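A.B. asks: Fold the following.
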Amino acid sequence: MEKIRVVLCANTDWYLFNFRRSLADRLRNDHGAEVICLCPDGPYRPRLEAEGYLWREVRMDCHGISPGRDLALCLQLTKAFNELRPTLLHNFTIKPVIWGSLAAWFAGVPFTVNAFTGLGATFQNRSLRSRVAKWVVTLLLQLVTRLPNTRFIFQNPEDQALIQRLTGLPGERTAIIPGSGVDTIRFHPAAVHPIPPVVLFVGRLLRDKGILVFCEMAKLVRMTRPEVVFWIAGEADLGNPDSLSPAEIQALANANPWLHFLGHVEHMASLYPQVSLVVLPSRGEGVPRSLVEAAACGKPLVATRVPGCQDIVEHGGNGLLVERPGPLEVKAAVLEILGDEAKAASFGKRGRQLVLDRFSEERVNLETIRSYGWPIHPKPRVRPPFGEKP
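C.D. replies: The predicted structure is shown next:
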């Protein structure tokens, strides 16, 4: 019997290592698949190889549309697929979805799965540049969704409905799988109550993710609760026009000493127990990994009522949703949770259960493999009770 060969294609090695390594493990260990990571080179490539995964480089410009570079990407991918001959290709993020699908069709790959991890600034912003980019991307997606032997995974129903409306993609070729899953053993609640309270933002420092709203909110909260500390875990996304620049980040830090910019944090599971709540005033997400991890750690959440965020935050259940990402609205929600320890504890307990029910790695990976049409062999892991370490 010919060996199953699966190619996982993404725009960064960081994404595959941090978000899809557990899927690769299950494909290899439960299904005997040979897994190949196809992505640009980076600091996480040696770590993927150390885990025993094959790696193949593809050069990719992650930002914007460039006909020359995008055509070169399609040719690179076509050559790689002709050489690797995968049984199945799984693309993540918009560029691999578009150019990986076309290259797979050229190379005769038997089956392609495309995962939308969020539609990003192209579909959220209203600038002229974004409207032109959205028009081009829509035309390409209309082509891609008509290719045979392809299936599409969305993280929330709003993204699914939008792409279906723009492209005519039939519902029977789609699935909704909420996020990439969280290791509920590694991310677990701890009986820690930070004093003074710590409010955390996690994510790339993009305007659309609400980093400036968070900073302004912090200033307003401190007028009432001057002891509260604010942490920001994440880096600028250089090359992304929506990102803060290093100079802007430094200016914010200099002007607001209560804002602690932590930069990239390698071990987030050690950071969440040190905070009181997690805030993401985003304009739109797939399903934000930071909120799922925080909920798994039993932390209350504050987020905007937008696609993705509202899939993990139940208003009044495990956190609070604000109707618009404004500093005043977010401030009121943060102060409400900080001022009621019983409510915060109740939110944390409900959030943990929600992750166990819907967002665990076990569940997400099983649903993903089910979308391949393969047999399912669940191997459940032991989960610690709420508030206990494994």
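A.B. asks: so what does the helix or strand harbouring Gln164 touch, helix or strand wise?
C.D. replies: Assigned by DSSP states H and E, Gln164 falls within helix 157-167. Helix 157-167 sits against helix 128-144, strand 150-154, strand 174-176, with contacts defined as 3 or more C-beta pairs under 8 Å, 6 or more residues apart in numbering; DSSP states H and E. For the C-beta atoms, the positions are set from N, CA and C on the backbone; glycine is no exception.
A.B. asks: closest one to Phe111 among those?
C.D. replies: Distance to Phe111, taken as C-beta to C-beta, is lowest for strand 150-154 among the helices and strands packed on helix 157-167, at 7.7 Å.
A.B. asks: residues of the closest one that come out buried?
C.D. replies: Neighbour counts over strand 150-154 (16 or more other C-beta atoms under 10 Å) mark 150-154 as buried.
A.B. asks: residue ranges of the helices in the stretch 251-390 of the chain, please?
C.D. replies: 268-271, 289-296, 309-312, 327-338, 341-354, 361-372 (DSSP state H, counting those that start in this stretch).
A.B. asks: Would you convert the ones you listed into TSV that also reports mean neighbour count, distance to Thr87 and mean pLDDT?
C.D. replies: TSV is the format used below for these (neighbours: other C-beta atoms under 10 Å; distance: least, C-beta to C-beta, whole Å; pLDDT from 0 to 100):
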stretch	mean neighbour count	distance to Thr87	mean pLDDT
helix 268-271	16	33	95
helix 289-296	27	28	96
helix 309-312	24	31	93
helix 327-338	20	47	98
helix 341-354	18	35	96
helix 361-372	19	10	93
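A.B. asks: Could you export the ones you listed to CSV, including columns for distance to Arg26?
C.D. replies: Converted to CSV, the helices of the stretch 251-390 of the chain look like this (distance: least, C-beta to C-beta, whole Å):
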stretch, distance to Arg26
helix 268-271, 20
helix 289-296, 18
helix 309-312, 22
helix 327-338, 36
helix 341-354, 22
helix 361-372, 5
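A.B. asks: residue contacts, the nearest residue to Ile176 once chain neighbours are set aside?
C.D. replies: With C-beta to C-beta, 6 or more residues apart in numbering as the criterion, Ile176 has its nearest non-adjacent residue at 5.3 Å, and that residue is Phe154. Neighbouring residues of Phe154 by C-beta atoms under 8 Å, 6 or more residues apart in numbering: 116, 160, 163, 174-177, 286.
A.B. asks: which of those residues are buried?
C.D. replies: By 16+ other C-beta under 10 Å, the contacts of Phe154 give 116, 160, 163, 174-175, 177, 286 as buried.
A.B. asks: can you tell me how far Gly316 sits from Phe359?
C.D. replies: 19 Å (C-beta to C-beta, to the nearest Å).
A.B. asks: who's more crowded, those two?
C.D. replies: Using other C-beta atoms under 10 Å as the criterion, Gly316 and Phe359 rank with Phe359 on top: 26 against 12.
A.B. asks: wait, isn't Gly168 in contact with Thr145?
C.D. replies: Yes: judged on C-beta atoms under 8 Å, Gly168 makes contact with Thr145 at a distance of 7.1 Å.
A.B. asks: Of these two, which one has the most company?
C.D. replies: A direct count of neighbours by other C-beta under 10 Å for Gly168 and Thr145 places Thr145 higher, at 21 against 10.
A.B. asks: pLDDT wise, what is that one at?
C.D. replies: Thr145 carries a pLDDT score of 95 in this model.
A.B. asks: Kindly report the same for the one 5 residues further on.
C.D. replies: Per-residue confidence (pLDDT) for Thr150: 94.
A.B. asks: and if you look at the one 5 residues further on?
C.D. replies: Taken from the predicted model, the pLDDT recorded for Gln155 is 92.
A.B. asks: ok, it - contacts?
C.D. replies: Taking C-beta under 8 Å, 6+ apart, one finds 116-118, 176-179, 285-287, 308, 311 in contact with Gln155.
A.B. asks: State the number of residues packed around the closest residue to Leu119 other than its chain neighbours.
C.D. replies: Distances taken as C-beta to C-beta, 6+ apart place Asp159 nearest to Leu119, at 5.6 Å, with adjacent residues excluded. Residues lying near Asp159 (other C-beta under 10 Å) number 22.
A.B. asks: How about Gly68?
C.D. replies: 8.
A.B. asks: do Leu252 as well
C.D. replies: Count around Leu252 with other C-beta under 10 Å applied: 17.
A.B. asks: With Glu172 instead?
C.D. replies: The burial count for Glu172: 7, using other C-beta under 10 Å.
A.B. asks: For the stretch 201-350 of the chain, which segments count as strands?
C.D. replies: Read by DSSP state E, counting those that start in this stretch, the stretch 201-350 of the chain holds these strands, from start to end of the chain: 229-233, 259-263, 277-280, 301-304, 319-322.
A.B. asks: what comes into contact with the helix holding Gln164?
C.D. replies: 116, 118-119, 123, 138, 141-142, 145, 152, 154, 169-171, 174, 176, 286, 307-308.
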